[in-house]
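**Q** Build me a structure from this.
(chains A and B)
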Amino acid sequence: MDRETIAKVAKVARLALTDEEMERYAQDLDAILNSFAVLDEAPASDTYALNPVPVVDVLREDEPAQEIDPQLLRGQMGTYEDYVRGPRLS
Amino acid sequence: MSAPSTYALIQYAQRRHLAFTETVDGLDEGRFHFSAKDNLCALGFQARAGSAVLEGYRPPFDATPIHRLKAAGGQLVGKTTMDEFGFGSFSTNSAHGVPLNPFDPDRSCGGSSGGAGAAACLIPGHIALGVSTGGSISGPASFCGVVGLTPTYGRVSRYGLIDYGNSLDKVGLLSRSAASIAQHFGTIAGPDPKDPTSCAQPPLAGKGRMPSSLALPREAMENLDPAVRKAFQGALPVLRGMGVAVEEVSMPSLRFALPAYYVLATSEASTNLARYCGMRFGRREEELNQHFNDFFTGVRSEGFGDEAKRRILLGTFCRMVGFRSRYYLKSLAVRQMLIGEYRRVFQEHDAVLTPTMPFLPPRFEDIRRMTPLEMYLADFLTIPPNLVGMPHVSVPCGYVDGLPVGMQVVADHWKEMDLLELAKGWEGAFLYTFPEVRP
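**A** Alright, predicted model coming up:
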């Protein structure tokens, strides 16, 4: 995996890597992906599911319910006058 | 000399073996005591999942398995140490202490539920809630010489679990005996509307049927430490003495399991970890006068550990346009193929038997010399049942130079109680050894 690719992946993943990390992770991922090449030998198939066992949708009546006090959830975040504070968008 | 109190043992496990990140100040008499891996949310404790990025996060609710154990008369006595978000096989990728093996503190407890393995070993009667994505219950059970049950995917609600891989994560139990696990497994199992993946399960059998025929894949006997191979082979006559037949079979698709698992696990992890950006959970960045990209990137780059970054990068790459079919979709197809291969074996046999780990608990100095790929390969025996979501149990089956060796039995979906019957029967034929503890 070249440096350009690992830099692109890191940007998508919102990770800032040092030069040393860039070099090291590129080497690691190269070795790992080379060993994954065995997957090319697995028979092709269009049969797959996203989970290993069947999963059902669970529906409930659309009624207001409150199990956790919103103030407790808000307490985990930085707020100002009941608004959540965040970084600049532009 | 009288036996040490449970509270003294908990403190010893925390102080000397770093099994816990936090513990209670005292025990409630008349209640049974259990611990939870630190990626399960619980009132009164931080939930940091071994990560610095979650420093200070205090969830305002109990995860369903914890809620159910409390309702059944249990007291949560502490949170156990683990690899960051479950990313590891030796519990060395932890921001909150690396647990030390109860049999030899210079060696690993296994991972990622390493603290749970140590607590289950050091405290008689203790029940430890663990979580497995690719072997994080079996591995520590093997290295710490205890019993570890990983249930079928979807058997136990994951409401309140800090996700690693959504199609792979399973909450299970570790303890010194299968009887203790059987006693509490029915409490945590069962549908929970808060986790739809738990709502398609058949009822849990009241009593299992002991497997009488085990298949031993010859592919699982390759690349083993000779000492592990010998100890495992020594267990086979004991099984046969219990009336359990063991027959060698071939499962050629097992070779695809490890890459397929790492592709799916890291792909899912890389999306799950997107939520840690310095606003909602744990570590909060206060320099708000930044562009959001710089803000998120700064928090994540400082908060995630080395292995977390590696897996985020790997998973992000596997999902990128141009690589998605080759890696992610192919791995989904491999999982389906492997389920079919297990099912073919189950037409002739009740369960699949292998050693649990390919080597003895490694020394920390040896782990430091391993490459990431070598660490991933360490899981080649525990990954297949985890990938296909089938229940499995690891039990001690031998000792080499005073270190435990584990064997793992895999059954078809939903047959946990059959595995526990076998594990209970095994305990009648094979004597477990535990380290002497003097708090």
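**Q** As a check, name the ranges of all helices in the chain.
**A** Let's take chain A. Applying DSSP state H to chain A gives helices spanning A:3-12, A:19-35, A:70-75.
**Q** not what I meant, chain B
**A** Along chain B, the stretches classed as helices by DSSP H are B:6-17, B:64-71, B:114-122, B:138-144, B:178-188, B:226-241, B:254-272, B:292-303, B:306-319, B:330-346, B:364-368, B:372-377, B:383-387, B:416-429.
**Q** Turn those helices into JSON lines, columns for distance to residue A:90, mean neighbour count and mean pLDDT.
**A** C-beta here means a position set from N, CA and C on the backbone, and glycine is covered the same way. Formatted as JSON lines, the entries for these read as follows, by distance: least, Cβ to Cβ, whole Å; neighbours: other Cβ atoms under 10 Å in any protein chain shown; pLDDT from 0 to 100:
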{"stretch": "helix B:6-17", "distance to residue A:90": "48", "mean neighbour count": "19", "mean pLDDT": "97"}
{"stretch": "helix B:64-71", "distance to residue A:90": "41", "mean neighbour count": "21", "mean pLDDT": "98"}
{"stretch": "helix B:114-122", "distance to residue A:90": "44", "mean neighbour count": "35", "mean pLDDT": "98"}
{"stretch": "helix B:138-144", "distance to residue A:90": "47", "mean neighbour count": "36", "mean pLDDT": "98"}
{"stretch": "helix B:178-188", "distance to residue A:90": "47", "mean neighbour count": "20", "mean pLDDT": "98"}
{"stretch": "helix B:226-241", "distance to residue A:90": "58", "mean neighbour count": "16", "mean pLDDT": "98"}
{"stretch": "helix B:254-272", "distance to residue A:90": "25", "mean neighbour count": "24", "mean pLDDT": "98"}
{"stretch": "helix B:292-303", "distance to residue A:90": "9", "mean neighbour count": "18", "mean pLDDT": "94"}
{"stretch": "helix B:306-319", "distance to residue A:90": "25", "mean neighbour count": "24", "mean pLDDT": "97"}
{"stretch": "helix B:330-346", "distance to residue A:90": "38", "mean neighbour count": "20", "mean pLDDT": "97"}
{"stretch": "helix B:364-368", "distance to residue A:90": "45", "mean neighbour count": "13", "mean pLDDT": "98"}
{"stretch": "helix B:372-377", "distance to residue A:90": "38", "mean neighbour count": "18", "mean pLDDT": "96"}
{"stretch": "helix B:383-387", "distance to residue A:90": "43", "mean neighbour count": "28", "mean pLDDT": "98"}
{"stretch": "helix B:416-429", "distance to residue A:90": "53", "mean neighbour count": "21", "mean pLDDT": "98"}
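**Q** could I get these as JSON lines with distance to residue B:280?
**A** As requested, these are arranged in JSON lines below (distance: least, Cβ to Cβ, whole Å):
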{"stretch": "helix B:6-17", "distance to residue B:280": "29"}
{"stretch": "helix B:64-71", "distance to residue B:280": "21"}
{"stretch": "helix B:114-122", "distance to residue B:280": "26"}
{"stretch": "helix B:138-144", "distance to residue B:280": "30"}
{"stretch": "helix B:178-188", "distance to residue B:280": "27"}
{"stretch": "helix B:226-241", "distance to residue B:280": "44"}
{"stretch": "helix B:254-272", "distance to residue B:280": "13"}
{"stretch": "helix B:292-303", "distance to residue B:280": "11"}
{"stretch": "helix B:306-319", "distance to residue B:280": "17"}
{"stretch": "helix B:330-346", "distance to residue B:280": "30"}
{"stretch": "helix B:364-368", "distance to residue B:280": "33"}
{"stretch": "helix B:372-377", "distance to residue B:280": "29"}
{"stretch": "helix B:383-387", "distance to residue B:280": "29"}
{"stretch": "helix B:416-429", "distance to residue B:280": "35"}
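**Q** Same list (those) but as a markdown table, adding distance to chain A.
**A** What follows is those, written out as a markdown table (distance: least, Cβ to the nearest Cβ, whole Å):
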| stretch | distance to chain A |
| --- | --- |
| helix B:6-17 | 26 |
| helix B:64-71 | 11 |
| helix B:114-122 | 22 |
| helix B:138-144 | 17 |
| helix B:178-188 | 17 |
| helix B:226-241 | 22 |
| helix B:254-272 | 4 |
| helix B:292-303 | 4 |
| helix B:306-319 | 4 |
| helix B:330-346 | 4 |
| helix B:364-368 | 15 |
| helix B:372-377 | 5 |
| helix B:383-387 | 7 |
| helix B:416-429 | 13 |
